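[1] Quick one: sequence plus predicted model below, questions after.
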Amino acid sequence: MGTVSSALGRRSVRIALAVLAAVVLLAAPLLLPAFANQTLVRIGVYAVAVLGLNIVMGYTGQVNLGQIFFVGLGAYVTAYGVNQGWNIVVVFIAACVSAGVVGLLVALAAARLGGLAIAMVTIALPIVGVPLAKRLDEFTGGSQGISARFSDAPEWSGLYNDQWQFYIVLVVTAAAFLLARSLVRGKYGRAFAVVKENEAVAASMGISPYRTKVLAFTIASIFGGASGFLYLAAVQYTSPETLSFGHSISLLAAMVIGGAGSIAGSLLGGAYYIFVPQITNAIDPNLTTLSQGAILLAVLFLLPGGLVSLPRALRRLGRRRSGRPTSGNPPKTAPAPHPVPEAALEGPDNKERQDRP
Amino acid sequence: MAASLSLKDVNLHFGGVKVLQDVSFDVEPGAIFGLVGPNGAGKTSLFNCISGHYRPSSGSITINGTEVLGSAPSRLARLGLARTFQHPALQLNATVLQNVLLGGHIRLPGGPVSWALRLPFTARAERAVRAEALELLKRAGLGWAADLPADELSHGLHKGVELWRALLSKPSLLLLDEPAAGLSHGEVEQLIATVRRIRAEQDITIIIVEHHMGLISALTDQVVVLDHGRKLMAGTAAEAQADPRVIEAYIGKDAADDAA
């Protein structure tokens, strides 16, 4: 009974926290200065891209160095659609679907190769994408890029532009995170994890490693496209520079630093992506790459699980300091007050067959 | 429904190395069937051919009369085949329950969109399979371990978790690859009782690869002895143990002569 009531308690606490978070997020843009809103908007933009990367790489273990290509594709499709005067919902769907279809086609080929071949194929995406974006200037505006304004606050809302953009990004980001969270918790989360760890076991459980990889890659691409849509909502302009290879590596670093295989870590990764260049610029603008590398190494050395594992690491440190385990969380070495291993393979009801010689 | 399995002239070559040569045998539905032989006889390779992890060079493998030679393992799993591995292949960071739940994958309906939207039928199916997995663990005396990370368990318990993971898929044909390897004497006794219980309660065909002759004698209705990739003999476990060819394969010709 104790566990039931505590589970109920935990559940109501969780609901209360979710409501609180929703209220804070809805009220924040009205209270914060424009600069803070713009920063939060950009965090949301990249958090969605990192989230997609996390699904294919953090959860499914397939190295993807081309995520920024799908962000760029989503941004260009959005710009094109807006300038053609499409309805904004149609534009959003087009950005997600086009990125998803390209991602699916790439994955159908790349996932056949397996291992690091996927990494090599995905490296090619931004490398091909940048000159392609310059060449197809009819759609992309060439090197100059293309701008599209669709995220100015409408008159009836009485909001400033930064507040309106905050709400657009909030809706899409929240939806993306909730969908991803449900997906990685059940059937498909387990399938992703086992494909990452042991493909032979996955296959013997009826999970096709190939199809699972293609699925994860396609989902990552769709999230990339959504991120591109948000990017255009925030920046209102895109150019070939948007999808340059360096950004793809930064996204990957952001995912690892936020926490590979963690939904909340993706949000931290988005924050890392925005804040760290600002911090390193403040230290010394000539040494940004070097100091970013130093931060990356330091985080990975101290927190291999990423920033999201910080609370766990602190708790473990605290436990080691006090020299005693905290209650309710037995350490690995403590003998468990449980049945002996001999009893483990067989249950209490031992209905043996006696009918054979 | 328990599956029947039939192998006809199965050959497996790795380059010039002939791992299996013209292996044929039939397994009746509902039987416990043993695959024995000295180290390197090709038992596990044959297992991997049946489960689809290796593709035989030639021959025929049928389950319930359906040709499955060359099918992907994931398709075979959907035909009702489940297996354990010689070295337990668990996800060590995941909980024991999560590991067992993996076996329920093929029984869970719905595609990724339904699961991402958490449609009610997916939540219901997840709850049902989870309850069933917990029940399996509890009956095995492993209920206490459900929420522990798998790497906190002993080797013997890992083997148990693998078995329950395989069973959660409700297989009609279960392949156990050296289930007794590395187990203590007491654990082997438990394993024998467990396999008997599974066969008594479920309509299932079980094939066991094993060195442990005690376990083979206690459980199997029929065995096939492999040596150097060929079928040496077929019969009951007692017949196999009395057969001079089998003794020779295990301990060598001279030693067999000395013993005689």
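    Yep, it's here. Numbering: from 1, shown residues only, chains lettered A, B, ... in the order given.

[2] Just give the number of residues close to B:Asp147.
    When counting by other C-beta atoms under 10 Å in any protein chain shown, one arrives at 10 neighbours for B:Asp147. Where you see a C-beta, it was placed from the backbone N, CA and C, and this is true even at glycine.

[3] Ignore what I typed, I meant A:Leu25.
    Residue crowding around A:Leu25 was assessed by other C-beta under 10 Å; the count is 15.

[4] Could you check which helix or strand contains it?
    Following DSSP states H and E, the helix or strand that holds A:Leu25 is helix A:2-31.

[5] Tell me which other helices or strands that helix touches.
    helix A:34-53, helix A:161-185 (3 or more C-beta pairs under 8 Å, 6 or more residues apart in numbering or on different chains; DSSP states H and E).

[6] Mean neighbour count, those helices: which tops it?
    Comparing those by mean neighbour count (mean count of other C-beta atoms under 10 Å in any protein chain shown), helix A:34-53 comes out on top with a mean of 25.

[7] ok now it, how far from the chain's centre?
    The gap between the average C-alpha position of helix A:34-53 and the chain average comes to 11 Å, counting by C-alpha atoms, centre = their mean, to the nearest Å.

[8] close to chain B, is that helix?
    No. Contact check for helix A:34-53 against chain B, using C-beta under 8 Å from any C-beta of the partner chain: none in range, with a minimum separation of 12.4 Å.

[9] Name the next helix or strand downstream of that helix, please.
    Next helix or strand after helix A:34-53 toward the C-terminus (DSSP H and E): helix A:67-83.

[10] quick one, that next one and helix A:34-53 angle?
    What separates the directions of helix A:67-83 and helix A:34-53 is an angle of 120 degrees, with axes from the mean of the first three to the mean of the last three C-alpha atoms, to 10 degrees.

[11] Return the set of buried residues in the helix or strand following helix A:67-83.
    Per DSSP H and E, helix A:67-83 leads on to helix A:88-113 as the next helix or strand towards the C-terminus. Of all the residues in helix A:88-113, those buried under the rule 16 or more other C-beta atoms under 10 Å in any protein chain shown are A:91-96, A:98-100, A:102-104, A:106-107, A:110-111.

[12] For helix A:88-113, name the packing helices and strands.
    Counting by 3+ C-beta pairs under 8 Å, 6+ apart, the packing neighbours recorded for helix A:88-113 are helix A:67-83, helix A:117-135, helix A:209-235.

[13] Of all those helices, which one comes closest to chain B?
    For the helices and strands packed on helix A:88-113, distance to chain B was read as C-beta to the nearest C-beta. The smallest value, 6.0 Å, belongs to helix A:209-235.

[14] Distance from that closest one to the middle of the chain?
    Once both centres are worked out by C-alpha atoms, centre = their mean, helix A:209-235 turns out to sit 10 Å from its chain's centre.

[15] what does stretch A:48-64 give?
    For stretch A:48-64, the distance between its averaged C-alpha position and the chain's averaged C-alpha position is 6 Å (C-alpha atoms, centre = their mean).

[16] that older thread, which one among the buried residues of helix A:88-113 gets closest to A:Phe229?
    Checking those against A:Phe229 with C-beta to C-beta, the nearest one is A:Ala95 at 4.2 Å.

[17] Which one of the helices and strands packed on helix A:88-113 lies nearest to A:Glu197?
    Closest to A:Glu197 of the helices and strands packed on helix A:88-113 is helix A:209-235 (C-beta to C-beta; 10.9 Å).

[18] Wondering if the closest one reaches chain B at all.
    Yes. Judged by C-beta under 8 Å from any C-beta, helix A:209-235 comes into contact with chain B through A:209, A:215, A:219.

[19] Show me what that helix is packed up against.
    Contact here means 3+ C-beta pairs under 8 Å, 6+ apart; on that basis helix A:209-235 packs against helix A:34-53, helix A:67-83, helix A:88-113, helix A:161-185, helix A:187-197, helix A:199-204, strand A:237-238.

[20] Of all residues in chain A, which one is nearest the centre?
    In chain A, the C-alpha nearest the mean C-alpha coordinate belongs to A:Leu51, at 1.0 Å (C-alpha atoms, centre = their mean).

[21] pLDDT score assigned to the nearest residue to that residue once chain neighbours are set aside?
    Counting by C-beta to C-beta, 6 or more residues apart in numbering or on different chains, the nearest residue to A:Leu51 once its immediate chain neighbours are dropped is A:Ser266, at 3.9 Å. In this model, A:Ser266 is scored at 95, pLDDT.

[22] again with A:Val340
    Confidence at A:Val340, expressed as pLDDT, is 38.

[23] mind listing the helices for the stretch 51-200 of chain B?
    Using DSSP state H, counting those that start in this stretch, the helices of the stretch 51-200 of chain B run over B:73-78, B:96-102, B:112-116, B:120-139, B:155-168, B:185-201.

[24] got those as a markdown table, with distance to chain A columns?
    A markdown table is the format used below for these (distance: least, C-beta to the nearest C-beta, whole Å):
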| stretch | distance to chain A |
| --- | --- |
| helix B:73-78 | 3 |
| helix B:96-102 | 5 |
| helix B:112-116 | 4 |
| helix B:120-139 | 4 |
| helix B:155-168 | 5 |
| helix B:185-201 | 4 |
